[in-house]
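K.L.:
below are the sequence and a predicted model; questions follow.
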Amino acid sequence: MLEFLDVYARHADQWGPRLADAAVVSARISILGFMLATVVGLILGLAQEASSRIVRTVVRGYIVFFRGVPVLAILFLIYFGLPGVGIVFDAEPAAVVGLGLAFAAQMAEVFRAGLGAIPRGQWEAAMSAGFRPAQTLFLIILPQVVRIIAAPVIVTFVALLKDSSLASLITVNELVLEGRALATEYFLPLHIYIWVGAMYFLIAFPLSMLAKYLAKRARGARA
């Protein structure tokens with residue numbers, strides 16, 4: 001056991017900075033991808049309540065498609081497929097767009113559930129008080145929705161963070177790809193991948209616990 005740990009002592013100064021830089025890349029594509037997913041997801045969530053049947057059908061098709069297709073296939077389509085029709089993304093932007101579009105489908109369902117939990121009477125009361133639709137949405141409805149959906153939003157972000165490792169397959173130098181490079185360079189894959197896994201765990205586990213706490217508190221508030 002001591003020999004196993006001694007490997008970390010001997011290589012920490014070499015592995016640590018490289019993995020830390022790669023973790024920054026993972027965090028960057030995860031945060032930007034989630035921001036895109038949140039914006040698109042909110043639009044899709046609202047569009048599901050549109051009066052137009054065509055709009056609802058298109059949105060539903062988007063959600064079904066992106067929830068049914070593997071994230072890796074979406075990343076490959078954007079990075080390797082779109083250049084065939086003249087649309088070229090660098091690796092990192094391709095990862096952000098792919099993750100954002102994929103998880104927008106999940107965020108749309110989260111927002112739909114949150115919006116559905118708000119009584120319709122609140123919309124009507126706000127409109128009768130002189131609020132415009134946009135004011136009603138952003139000043140009255142969304143603040144309540146955010147409290148309701150806080151836990152599933154965090155769970156979705158954690159899922160996106162873990163799936164960001166797939167960006168290594170389109171050459172994004174994130175945590176998994178850097179770990180693979182170190183494993184090839186030092187011939188110590190067990191030690192390196194344990195370190196990589198621990199870094200993901202240290203980010204994801206506290207967020208998961210926070211989501212669990214918020215979900216419990218939300219259930220208590222509704223009781």
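P.N.:
Structure received.
K.L.:
could you point out which residue ranges in the protein have low pLDDT?
P.N.:
Residues of the chain that meet the criterion pLDDT under 70 lie in 220-223.
K.L.:
could you pull out the helices for it?
P.N.:
2-47, 53-68, 71-76, 91-116, 120-128, 133-135, 142-163, 175-186, 189-222 (DSSP state H).
K.L.:
I'd like to know which elements the third one is packed against.
P.N.:
Using 3 or more C-beta pairs under 8 Å, 6 or more residues apart in numbering; DSSP states H and E, the elements in contact with helix 71-76 are helix 91-116. (Each C-beta comes from the backbone N, C-alpha and C, glycine too.)
K.L.:
tell me the helices and strands packed up against the helix it packs on.
P.N.:
Partner elements for helix 91-116 (3+ C-beta pairs under 8 Å, 6+ apart): helix 2-47, helix 53-68, helix 71-76, helix 142-163.
K.L.:
TSV please, covering these and showing distance to A102 and mean neighbour count.
P.N.:
Listed next are these as TSV, based on distance: least, C-beta to C-beta, whole Å; neighbours: other C-beta atoms under 10 Å:
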stretch	distance to A102	mean neighbour count
helix 2-47	8	16
helix 53-68	5	13
helix 71-76	5	18
helix 142-163	8	18
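K.L.:
could I get the ones you listed as CSV with distance to L207?
P.N.:
Below are the helices and strands packed on helix 91-116 laid out as CSV (distance: least, C-beta to C-beta, whole Å):
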stretch, distance to L207
helix 2-47, 11
helix 53-68, 22
helix 71-76, 19
helix 142-163, 5
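K.L.:
what's the closest of those helices to F103?
P.N.:
Among the helices and strands packed on helix 91-116, helix 2-47 comes nearest to F103, with 3.9 Å by C-beta to C-beta.
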